[in-house]
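Trainee: I'd like to go over a predicted model; first the sequence, then the structure.
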Amino acid sequence: MFPRHCYLFETRVDVVTFKETLGYLDRFLASQQPHIITTLNPEILLEAKKNKPYRDALNEADLNVPDGTGLTWLLRMLGGRLEHPVTGADMTLRLLLKAQKHQLRVAVFHRLNGLSSKGELVRAVKERYPELAFFVISASTEEASEQAVLESLKRHQPDIILVDFGAPYQEQWLVQHKHAVPSLRVGMGIGGSLDYLTGRQKRAPRALRNIGLEWLWRLARQPARLPRIWRAVAVFGKEAIKIVWQSKYRYRQNALGVIRRADGKVLVVSRASDPAHWQFPQGGISSGETSEEGVLRELQEELGCATFTIEGKAAKTYTYNWPKGQIQSFRGQEQHIFFLAWHGSDAALHLEKRELSGYQWINPQDIPAIVHPVRREVGEYIVTEMKRLQFIT
């Protein structure tokens, strides 16, 4: 099961505690598939807001944990039960410890001319984790995607790859190349986390971290960080206040697709988080998109195909409030309901596994009985609209 999450600036944020994160980490390490973990902080979210390729890479990651006091505060205001950020520095140390305990191989993909040298990294890791099987590969951003670098990683067969190139490059590199190293189980961008291990940077005392003032410690030690601190505190703070306001008063624009086969049956899908929850494929309309563009994009992303065309739209939007207890950045949704004709076969369907677990074709008259109870009202409205449009009698 995937963790609870919400979307901030169209970027998925998984609402998990440090303990829950370690549980997902154990699952990832026990699997035979590559998994990408990112540690989201206010700066990263602000960058993703204006950088779509970066935003897409983050949304493709397997776990986006909340790092940064401002982000944790915002998630608490939206209903998330979080006490402290899940920091990249803490995650890095825990990953190395788990790797040593379970005899896993670790690759540190190190940026040339970083604050800590390759030699310093090797000495610091060996001193703290003497039984850890690890190696360091250094490269520039220009060299990082060269075949020689990827072949070197494959040759060492790491179970874990830690990339310290900094955001946004490290996350995009991991998502792009996660299948290039067959042995990979967990990849994570760690920024300057290992600089604490080498002693090049000194971390804030735990007391300051616990009350959310690590940023003030960093500013005092590195005044040159003021522009970054300003964005993380003031700029993000302003955006966070807007999000809290819209969570109480605004409705998210959503597009829902009712795909109709030649025999008259319609497609419903089940959620990955709850396979018994049947609904129509749907998703948020991005800023700058029309509702028609939004429904086509969302269906293509969720179903993995584009073998359908729009043939009609419901007379009105369907508006509803989120159930209490959900962590959302809007009060509810305003759904634009489209009817589409199916032109393919079931072989064309490749469901997005993070969101969906199954599908079935059902008779339109059975929609209210089959969709999840919270979807029943909109299901009844869809049947009414299909009659109006003469899709059914």
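Mentor: Received, thanks.
Trainee: show me where pLDDT drops low in this structure?
Mentor: Where the chain drops to pLDDT under 70, the residues are 1-2.
Trainee: how's it carved up into domains?
Mentor: Under the assignment automatic domain parsing, the domains of the chain span 5-245, 251-388.
Trainee: need these in CSV with mean neighbour count, can you?
Mentor: In this view, the C-beta of every residue, glycine as well, is placed from N, C-alpha and C. Converted to CSV, the domains of the chain look like this (neighbours: other Cβ atoms under 10 Å):
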stretch, mean neighbour count
domain 5-245, 18
domain 251-388, 17
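Trainee: for Ile362, give me its contacts.
Mentor: Residues counted as contacts of Ile362 (Cβ atoms under 8 Å, 6 or more residues apart in numbering) are Lys265, Val266, Val268, Ile370.
Trainee: hmm, I was thinking of Ser116
Mentor: By Cβ under 8 Å, 6+ apart, the neighbours of Ser116 are Ala124, Leu194, Asp195, Thr198, Arg200.
Trainee: now do Gly80
Mentor: Contacts of Gly80 by Cβ under 8 Å, 6+ apart are Arg4, Cys6, Val15, Ile327.
Trainee: for the stretch 201-350 of the chain, which segments are assigned as strands?
Mentor: Shown for the stretch 201-350 of the chain, the strands assigned by DSSP state E, counting those that start in this stretch span residues 251-260, 266-271, 278-279, 282-284, 308-313, 318-321, 332-342.
Trainee: beyond the longest one, next helix or strand please.
Mentor: Reading on from strand 332-342 to the C-terminus, the next helix or strand found by DSSP states H and E is strand 356-362.
Trainee: in the sheet, which strands lie alongside that following strand, parallel or antiparallel?
Mentor: strand 266-271 (antiparallel) (DSSP bridges).
Trainee: now do the strand it pairs with against strand 308-313: the angle between them, please.
Mentor: Orientation note: strand 266-271 sits at an angle of 110 degrees relative to strand 308-313 (axes from the mean of the first three to the mean of the last three Cα atoms, to 10 degrees).
Trainee: what's next to strand 266-271, contact-wise?
Mentor: 258-261, 276-281, 302-303, 342, 351, 355-364, 367, 370-371.
Trainee: could you check the angle that strand makes with strand 332-342?
Mentor: Using the same axes, to 10 degrees: strand 266-271 against strand 332-342 is 130 degrees.
Trainee: what angle do strand 251-260 and strand 266-271 make with each other?
Mentor: Between strand 266-271 and strand 251-260, the angle comes out at 130 degrees (the same axes, to 10 degrees).
Trainee: CA atoms only for strand 266-271 - export them in PDB, please.
Mentor: Below are the C-alpha coordinates for strand 266-271, written out as PDB (Å, rounded to 0.1, in the frame of the first residue of the first chain):
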ATOM      1  CA  VAL A 266     -18.000   1.700 -19.400                       C
ATOM      2  CA  LEU A 267     -14.600   1.500 -17.700                       C
ATOM      3  CA  VAL A 268     -14.100   1.700 -14.000                       C
ATOM      4  CA  VAL A 269     -10.800   1.300 -12.100                       C
ATOM      5  CA  SER A 270      -9.900   0.400  -8.600                       C
ATOM      6  CA  ARG A 271      -7.500   2.400  -6.400                       C
END
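Trainee: please enumerate the helices of the stretch 51-200 of the chain.
Mentor: 52-60, 69-77, 88-101, 118-128, 147-156, 169-177, 193-198 (DSSP state H, counting those that start in this stretch).
Trainee: okay, these in CSV with distance to Trp230 next?
Mentor: Output for those, formatted as CSV (distance: least, Cβ to Cβ, whole Å):
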stretch, distance to Trp230
helix 52-60, 20
helix 69-77, 12
helix 88-101, 21
helix 118-128, 30
helix 147-156, 35
helix 169-177, 22
helix 193-198, 22
